[in-house]
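Sharing a sequence plus its predicted fold:
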Amino acid sequence: MFLMLRFLTACLMMLIFSDFVEASKIEGLRLYRSPDRTRIVLDLNQPVRYQTFTLEDPSRVVIDISNVKLNAGFEALDLSDTPIDRIRTGMRDRTSLRIVFDLTKQVSSKVFSLQSNERYGNRLVVDLYDIKKRTSKRLAGIIQQVNRKIVIAIDAGHGGEDPGALGPGRIREKVIVLQIAKRLKKLFDDDSDFIGVLIREGDYYLAHRRRTEIAHNSLADFFISIHADAFSSPAAYGASVYALSTKGATSEAARYLASKENRADLIGGAVSLSLGDKPDALAEVLLDLSMTATLSSSLAAGEYVLKNIDGLARLHKKRVEQAGFLVLKSPDIPSLLIEAGFISNPREAKLLSDTTYQQNMAEAIYRGMVQYYLDHPPPGSALAVNKAERLKTYIVLKGDTLSQIAQKYKTSVDNLLRYNNLSSNQIRVGQRISVPPR
Ligand SMILES: [Zn+2]
């Protein structure tokens, strides 16, 4: 009898308790569309319990969330260009919510929860992957020809739910870097010896690993990741060029930025890196070997890019720095990470959002890469064939004088003046000087 009473009391307590358990709240909804995925993020005030299943004819993805209140409207989401026809919600009983995604075509879905981090609270993420035959070899045709174009993969950092660094006046890194990346792509596309491939084409997040995978699928010769970061002090300034380091970082700032960038996968909601990602000892040795070769190319190209940026922006450091950036860890593609400036510095934030400055930054990176490849043309590339012709044009770098250029091409200053219709020895950074044939 006593036991029975205890049991009843316990039941009563639980009932009372469960009435007191505050329902979770869905406080916000976001949708990001990338080329092969639609992501819907539910922002929650605390973790929820959920179940999910799919139904056919017509295709639906259903999510049941227990003990939750919906304080946001799905109507506000833009469903155009997504496989979602509409989103319906209803309470199944007093506290559990059912969300139904009515689909126009089959998808493969993945639903997972993410814990709160420095940027966001708890989230439930619904990823709907398009099912289609991969067309990523679209570039292969161009590339396998003789005289192929050099493929430059251009990665705009962050994106989607990861805004990157925030500057004054709501300036966001993810927006600025995509603008610079698009300008850079256009410069390469306009050059008949190159082609630019954007890793991220819009406002969505891609995991670091996925970024290098896209570069691989595009058969990229080089990978450039563009950022514009923040520092705790608004006084920090300057552009920097980084290559990967497999050992340690070359400076405190480099280490700080690398750890900051590497956390992006957490903020951006990539499914966590598992232990299976760890290479075994042999794989690590092989990785190290191919890494060393690509690293020296990365460092060499970085010097050219740095020299060109020098004429445009103040430099944070006068050499290519190194740190363990995850996004640069591609064993067979030389890679650079370019910090175009500090978005946390009011003066640089203003510059970075200026379209002329963005264009100049893109041109500096482009010039650096072209100069690097003119000195190291890949065998079989169109550039290797056109090199002699192209070398007849010299692009002025910071600190150059006309007499140095004349010396370099074994001609005279007078010859250069006459050939270029110049009236004085004054030259400016970025100016093209045609070199007379000998
Ligand atoms: Zn960044």
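Nice, thanks for sending it over. Worth saying up front: this structure is predicted, and the values here are computed from it rather than measured.

Show me which residues of the protein sit near the ion.
157, 164, 227, 229 (CB under 5 Å from the ion). Any C-beta I mention is one placed from the backbone N, CA and C, and that applies to glycine too.

mind listing which of the residues you listed are in strands?
Residues from those lying in strands, with DSSP state E as the criterion: His227.

can you redo the residues of the chain next to the ion as JSON lines with distance to Ser330, pLDDT and neighbour count?
Listed next are the residues of the chain next to the ion as JSON lines, based on distance: CB to CB, whole Å; pLDDT from 0 to 100; neighbours: other CB atoms under 10 Å:
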{"residue": "Gly157", "distance to Ser330": "15", "pLDDT": "95", "neighbour count": "29"}
{"residue": "Gly164", "distance to Ser330": "21", "pLDDT": "92", "neighbour count": "26"}
{"residue": "His227", "distance to Ser330": "17", "pLDDT": "94", "neighbour count": "29"}
{"residue": "Asp229", "distance to Ser330": "21", "pLDDT": "87", "neighbour count": "23"}
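
Who is whichever residue of the stretch 301-438 of the chain sits closest to the ion paired with across the strands?
Per CB to the ion, Glu339 is where the stretch 301-438 of the chain lies closest to the ion, at 7.4 Å. Per DSSP bridges, the residues bridged to Glu339 are His227, Ser240.

I'd say it and Leu257 touch.
Yes - counting by CB atoms under 8 Å, Glu339 touches Leu257, with 6.9 Å between them.

hey, what's in contact with both of these two?
Common contacts of Glu339 and Leu257, defined by CB atoms under 8 Å, 6 or more residues apart in numbering, comprise 229, 242.

Between those two, which has more neighbouring residues?
Applying other CB atoms under 10 Å to Glu339 and Leu257 shows that Glu339 carries more neighbours, namely 27 against 24.

Pull the contacting residues for the residue of the stretch 301-438 of the chain closest to the ion.
By CB under 8 Å, 6+ apart, the contact set of Glu339 is 227-229, 239-242, 257, 316.

Which of those sits closest to the ion?
Checking the contacts of Glu339 against the ion with CB to the ion, the nearest one is His227 at 3.4 Å.

Quick check, the closest one in contact with Asp162.
No - in this structure, His227 is not within contact of Asp162 by CB under 8 Å, at 11.8 Å.

The stretch 101-250 of the chain: helices as residue ranges?
Along the stretch 101-250 of the chain, counting by DSSP state H, counting those that start in this stretch, helices occupy 140-144, 173-190, 208-217.

Of the ones you listed, which stretch is the most buried?
Burial of the helices of the stretch 101-250 of the chain is given as mean neighbour count (mean count of other CB atoms under 10 Å); helix 173-190 ranks first at a mean of 21.

quick check: mean pLDDT across that one?
For helix 173-190, mean pLDDT rounds to 96.

Buried residues, stretch 155-167. List them.
155-167 (16 or more other CB atoms under 10 Å).

and the residues you listed as JSON lines, adding distance to Gln51?
Formatted as JSON lines, those follow (distance: CB to CB, whole Å):
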{"residue": "Asp155", "distance to Gln51": "37"}
{"residue": "Ala156", "distance to Gln51": "36"}
{"residue": "Gly157", "distance to Gln51": "35"}
{"residue": "His158", "distance to Gln51": "32"}
{"residue": "Gly159", "distance to Gln51": "30"}
{"residue": "Gly160", "distance to Gln51": "26"}
{"residue": "Glu161", "distance to Gln51": "24"}
{"residue": "Asp162", "distance to Gln51": "28"}
{"residue": "Pro163", "distance to Gln51": "31"}
{"residue": "Gly164", "distance to Gln51": "34"}
{"residue": "Ala165", "distance to Gln51": "37"}
{"residue": "Leu166", "distance to Gln51": "36"}
{"residue": "Gly167", "distance to Gln51": "41"}
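
which ones are touching Asn308?
Taking CB under 8 Å, 6+ apart as the definition, contacts of Asn308 comprise 364-365, 367-368, 371, 397.

Next, give me the two most distant ones among those residues.
The largest separation in the contacts of Asn308, counting by CB to CB, is between Ile365 and Leu397 at 13.6 Å.

Neighbour count for the two, which is higher?
Higher neighbour count among Ile365 and Leu397: Ile365, with 30 against 20, using other CB under 10 Å.

was I right about the more buried one contacting Lys185?
No - Ile365 is beyond contact range of Lys185, at 11.0 Å (criterion: CB under 8 Å).

any idea how far Ser80 is from Lys105?
From Ser80 across to Lys105, the span is 15 Å (CB to CB, to the nearest Å).

So those two - more neighbours on which side?
It is Lys105, of Ser80 and Lys105, that has more neighbours when counted by other CB under 10 Å, with 13 against 7.

how far away is the residue lying closest to that one once chain neighbours are set aside from Thr104?
Nearest residue to Lys105 in three dimensions, chain neighbours excluded: Pro83, at 5.1 Å (CB to CB, 6 or more residues apart in numbering). Separation of Pro83 from Thr104 (CB to CB) stands at 5 Å.
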